[in-house]
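Asker: I need the structure of the sequence given here:
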Amino acid sequence: MKQIASDWHDYECIDAGQQEKLERWGNVILRRPDPQAAWHKDPKERLWDHPDAHYHRSKKGGGNWEFHKKLPEYWTIQYKDLTFKVSPTGFKHTGLFPEQAVNWDWMSQKIKSADREIRVLNLFAYTGGATMACSSAGAKEVVHVDASKGMVHWAKENMELSHLQDHTIRFIVDDVLKFVQREKRRNHTYHAIVMDPPSYGRGPNGEMWKLEDQLPELISACIDILDEKPLFFLINAYTTGFSSITLENILKTTIQKKYPAGKVEAGEIGLPVTHNDLVLPCGIYGKFFYED
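Answerer: Numbering: from 1, shown residues only. Alright, predicted model coming up:
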């Protein structure tokens, strides 16, 4: 199944091809690498040669930004009722993954249609796109967990930009597996869990994370803190070679085994490319939920 984030106004994937993408973030044009764009770009698109900033990948790893005009340190873009800070980082990212809007919408709809108070746990929560979407949709509490202190600070800025200061959002800097295990000992449960794990990573104390090795263990730990009537369980992943069918099978053999009446769905998410009818693939998702 394919899910496309097509409701943006402040973001646009103008064109993509030859391992790059050309994007509009508000009124800023960025040119960035994207290995999934393995087709030809549109040679008539002049903005390829005139972006405001161009990220060049280094053969030695990493890369650097080339700025063709002076950009502010950060600017903001809006998605429906949410406002996010955007800033080019040293690792080509901007602090936001716009394709995730399709997941934000789905989670928001689930929370809004629930006839009860909902507690949400967001793991590998980054700058808080999912956190803000769930909180804005009416979640009673959202717990935001990430190992990076800098990303958690950025998420707090997004909370203020989206005017959610009066909502109950807890920000935690921690290794996600250790946090989940402690929540079990504290008898804390959640109606919904969302996670966006990296392929590789380190916790705040150097804890190693490798998706293929540790995802099943993390999911099992999360099941232990799910409410007896969960609303949803959503996983997003970008790991090359880790297919949506693999993710579907993991969910079927873990969470659906405990909650057989629920449904598992998996597939790809992507962004529409303005210049044509193509879709830029942006990772995979797997989700467990009950039919409405």
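
Asker: for Lys92, grab the count of nearby residues.
Answerer: Neighbourhood size, Lys92 [other CB atoms under 10 Å]: 17. Just so you know, the C-beta spots here come from the backbone N, C-alpha and C atoms, and that holds for glycine as well.

Asker: please, which helix or strand holds it?
Answerer: Lys92 belongs to no helix or strand when assigned by DSSP states H and E.

Asker: ok, Ala130 next?
Answerer: Applying DSSP H and E as the criterion places Ala130 in helix 129-136.

Asker: tilt between the helix or strand following that helix and helix 129-136?
Answerer: Using DSSP H and E, the next helix or strand after helix 129-136 towards the C-terminus is strand 141-146. Angle of strand 141-146 versus helix 129-136, following axes from the mean of the first three to the mean of the last three CA atoms, to 10 degrees, is 170 degrees.

Asker: would you mark the buried spots in the following helix or strand past strand 141-146?
Answerer: Per DSSP H and E, the first helix or strand lying C-terminal to strand 141-146 is helix 149-161. Going by neighbour count (16 or more other CB atoms under 10 Å), the buried part of helix 149-161 is Met151, Val152, Trp154, Ala155, Lys156, Glu157, Asn158, Met159.

Asker: how far away is the first one from Phe179?
Answerer: From Met151 across to Phe179, the span is 15 Å (CB to CB, to the nearest Å).

Asker: please apply the same query to the fifth one.
Answerer: As for Lys156, its distance to Phe179 is 18 Å (criterion: CB to CB).

Asker: repeat for the fourth one
Answerer: Look at Ala155 and Phe179: by CB to CB, they are 15 Å apart.

Asker: try Asp224
Answerer: With distances taken as CB to CB, Asp224 is found 13 Å from Phe179.

Asker: bridging residues for Ala266?
Answerer: Gly286 (DSSP bridges).

Asker: ok, it touching Leu247?
Answerer: Yes - assessed by CB atoms under 8 Å, Ala266 is found in contact with Leu247 at 5.0 Å.

Asker: where exactly do the helices run in the protein?
Answerer: Shown for the chain, the helices assigned by DSSP state H span residues 101-113, 129-136, 149-161, 176-185, 211-223, 244-253, 255-258.

Asker: where in this protein is pLDDT low?
Answerer: 200-203, 205-212, 239-240 (pLDDT under 70).

Asker: name the residue most distant from the centre of it?
Answerer: Lys44 (32.0 Å; CA atoms, centre = their mean).

Asker: so what does that one have for phi and psi?
Answerer: phi -90, psi -10 (degrees, to the nearest 10).

Asker: so it versus Leu271, what's the distance?
Answerer: Lys44 is 20 Å from Leu271, by CB to CB.

Asker: also Met159?
Answerer: Taken as CB to CB, the span from Met159 to Leu271 is 25 Å.

Asker: list the contacts for Asp42?
Answerer: Asp42 sits next to Asp15, Gly17, His275, Asn276 when contact means CB atoms under 8 Å, 6 or more residues apart in numbering.

Asker: the last one and Lys41: what is the separation?
Answerer: Using CB to CB, one gets 10 Å for the distance from Asn276 to Lys41.

Asker: again, but for His93
Answerer: For His93, the distance to Lys41 equals 21 Å [CB to CB].

Asker: with Ile77 instead?
Answerer: Distance, Ile77 to Lys41, by CB to CB: 24 Å.

Asker: neighbour count winner among those two?
Answerer: Shown here are Ile77 and Lys41; by other CB under 10 Å, Ile77 has more neighbours (21 against 18).

Asker: the nearest residue to Ala261 once chain neighbours are set aside: what's it in contact with?
Answerer: Nearest-residue entry for Ala261: Tyr290, 6.8 Å, with adjacent residues in sequence omitted and distances by CB to CB, 6 or more residues apart in numbering. Contact partners of Tyr290, counting by CB under 8 Å, 6+ apart, are Leu231, Ala261, Gly262, Lys263.

Asker: dihedrals phi and psi, Tyr290?
Answerer: Dihedral pair for Tyr290: phi -100, psi 140, per degrees, to the nearest 10.
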